[in-house]
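>>> build me a structure from this.
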Amino acid sequence: MSRTIQATILRKQVAAIVQAAGSSPAEAEQVAANLVLANLSGHDSHGVGMVPRYVDAVAEGGLKPNASIRVKLDAGAMLAIDGQHGYGQIVGVQAMELGIARAKQNGSCIVSLAESHHLGRIGHFAEMATSQGLVSMHFVNVLSRPVVAPWGGGDGRFGTNPCCIGVPLAGAQPFILDFATSRVAQGKMRVAHNKGEHVPTGYLIDEHGAPTTDPGVVVVPQSNGLFGALMTFGEHKGYGMAVACELLGGALTGGGTWHRPADTARTVLNGMLTVLIDPAKLGTQAAFEQEATAFIEWLRQSPPGAGFEAVQIAGEPERQARATREQEGIWLDDATWREIVEAGKKVGVTVD
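Next up, the predicted model:
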């Protein structure tokens, strides 16, 4: 049955499974904390529901516990990094820490990260950068079963390819724009399917290329053994952004793009191109702070539209969700919890 679990308990449960799958205690705790933070932030698609897939990926050999980054190129303000199939929650942080240090030193840094296992919520990396006063831009591709159709196409050809931009705001919480280039994240379809829900029209096409509201078409094989596909957001515009993420996050990083038939592997690899900028080194710090603050205030002065209480800034819904869920706990549907329990059993951990 579905249940609501406090974040502290859920972290321990997830860490126990990740550790039993082969990770060191420190790595397991960091992975668990990152996944639970995604749930707390309202992004259940990138939260603890990923644990069953991670356990399977370790068993496949596509996810390597206790792996660390390998720096392939160090050109000062440019870094090319190999994630070596390590947990994205680990190697992604390691890559960002290097990039942040270089951006603080040189004013900017371009970080190319390839061969990382699933990076999770990309906004986490933008939050790392903005906490140090840096602007960050992230372009990510996904090497896994293609689940998003190109504009004008009738089947999946690429992943949900997220894009993220973080901007620090003086005396305020940062602007954190983090979105999948599909109409909705694939993980959200898994959550909706597990809940037995349908989704709005325009999100999906079925295995025949026809519109559908059944999220199961991208979660489980259909009668002909094929899957449906997600649509991109914003029609041709979102499609263009998705292609840009594939070219920058996949081709430019050297991690590779998807151009082969789908498979059933549970491993999810990501490539991420990150651009970091230090406004203080750019010489525009004072103007940047003043103009950014003035613009945000200008936006907030807009009268609420029908059905809205106030204008919000990207990142605010996540921070509000964290405050609420820290108090009330994290709700998990029955199917997701059952999958986590089964994942624990695979590695000898009993979760109740």
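
>>> from now on I want contacts and neighbour counts done on CA atoms only, so please keep to that.
OK.

>>> okay, strands next: where are they in the stretch 201-350 of the chain?
For the stretch 201-350 of the chain, strands defined by DSSP state E, counting those that start in this stretch occupy the ranges 204-205, 211-212, 229-230, 269-277, 330-332.

>>> neighbouring contacts of the second one?
So the one you mean is strand 211-212. 201-206 (C-alpha atoms under 8 Å, 6 or more residues apart in numbering).

>>> apply 7 Å and report the result again.
201-202, 204-206 (C-alpha atoms under 7 Å, 6 or more residues apart in numbering).

>>> what do you get for the first one?
Under the criterion C-alpha under 7 Å, 6+ apart, residues 211-213, 228-231 lie in contact with strand 204-205.

>>> hmm, 8 Å instead?
154-155, 211-215, 217, 228-231.

>>> for those residues, give me a markdown table that also has pLDDT and neighbour count.
Shown next, in a markdown table, are these (pLDDT from 0 to 100; neighbours: other C-alpha atoms under 10 Å):
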| residue | pLDDT | neighbour count |
| --- | --- | --- |
| 154 | 94 | 20 |
| 155 | 95 | 23 |
| 211 | 96 | 18 |
| 212 | 96 | 20 |
| 213 | 96 | 16 |
| 214 | 95 | 22 |
| 215 | 95 | 28 |
| 217 | 95 | 24 |
| 228 | 93 | 30 |
| 229 | 95 | 34 |
| 230 | 96 | 32 |
| 231 | 97 | 29 |
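
>>> which strands or helices does the longest helix belonging to the chain pack on?
In terms of residue count, the longest helix belonging to the chain (DSSP state H) is helix 88-106. With contacts taken as 3 or more C-alpha pairs under 8 Å, 6 or more residues apart in numbering; DSSP states H and E, helix 88-106 sits against helix 25-40, strand 108-117, helix 123-130, strand 269-277.

>>> looking at the ones you listed, which is nearest to residue 56?
strand 108-117 (12.5 Å; C-alpha to C-alpha).

>>> strands paired with that closest one, and their directions?
Strand pairing for strand 108-117, determined by DSSP bridges: strand 78-82 (parallel), strand 269-277 (antiparallel).

>>> so which of those is the most surrounded?
Among these, ranked by average contacts under mean count of other C-alpha atoms under 10 Å, first place goes to strand 269-277 (a mean of 27).

>>> quick revisit: wait, which of the strands of the stretch 201-350 of the chain is closest to residue 2?
strand 330-332 (5.6 Å).

>>> by mean pLDDT, which helix or strand of this protein comes out lowest?
Lowest mean confidence among the helices and strands of the chain (mean pLDDT, DSSP states H and E): helix 186-195, at a mean of 87.

>>> if we can go back for a sec, residue 315: which of the contacts of strand 211-212 is nearest?
residue 202 (25.2 Å).

>>> for residue 266, see how far away that closest one is.
Distance, residue 202 to residue 266, using C-alpha to C-alpha, to the nearest Å: 27 Å.

>>> of the two, which one has the most company?
residue 266 (20 against 15; other C-alpha atoms under 10 Å).

>>> ok, now which ones touch the closest residue to that one other than its chain neighbours?
Closest residue to residue 266 apart from its sequence neighbours, by C-alpha to C-alpha, 6 or more residues apart in numbering: residue 57 at 5.2 Å. With contact taken as C-alpha under 8 Å, 6+ apart, residue 57 is in contact with 63, 265-268.

>>> now with 7 Å?
63, 266-267.

>>> of the helices and strands packed on helix 88-106, which is nearest residue 283?
Per C-alpha to C-alpha, nearest to residue 283 of the helices and strands packed on helix 88-106: strand 269-277, 11.3 Å.

>>> between helix 88-106 and the closest one, find me the angle.
20 degrees (axes from the mean of the first three to the mean of the last three C-alpha atoms, to 10 degrees).

>>> send the alpha carbons of strand 269-277 over as PDB?
Extracted C-alpha coordinates of strand 269-277, given in PDB (Å, rounded to 0.1, in the frame of the first residue of the first chain):
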ATOM      1  CA  LEU A 269      24.100   7.200 -19.200                       C
ATOM      2  CA  ASN A 270      24.300  11.000 -19.300                       C
ATOM      3  CA  GLY A 271      26.600  13.400 -20.900                       C
ATOM      4  CA  MET A 272      26.600  17.000 -19.600                       C
ATOM      5  CA  LEU A 273      28.200  20.200 -21.000                       C
ATOM      6  CA  THR A 274      28.400  22.900 -18.300                       C
ATOM      7  CA  VAL A 275      29.300  26.500 -18.700                       C
ATOM      8  CA  LEU A 276      30.200  28.400 -15.500                       C
ATOM      9  CA  ILE A 277      30.600  32.200 -15.300                       C
END
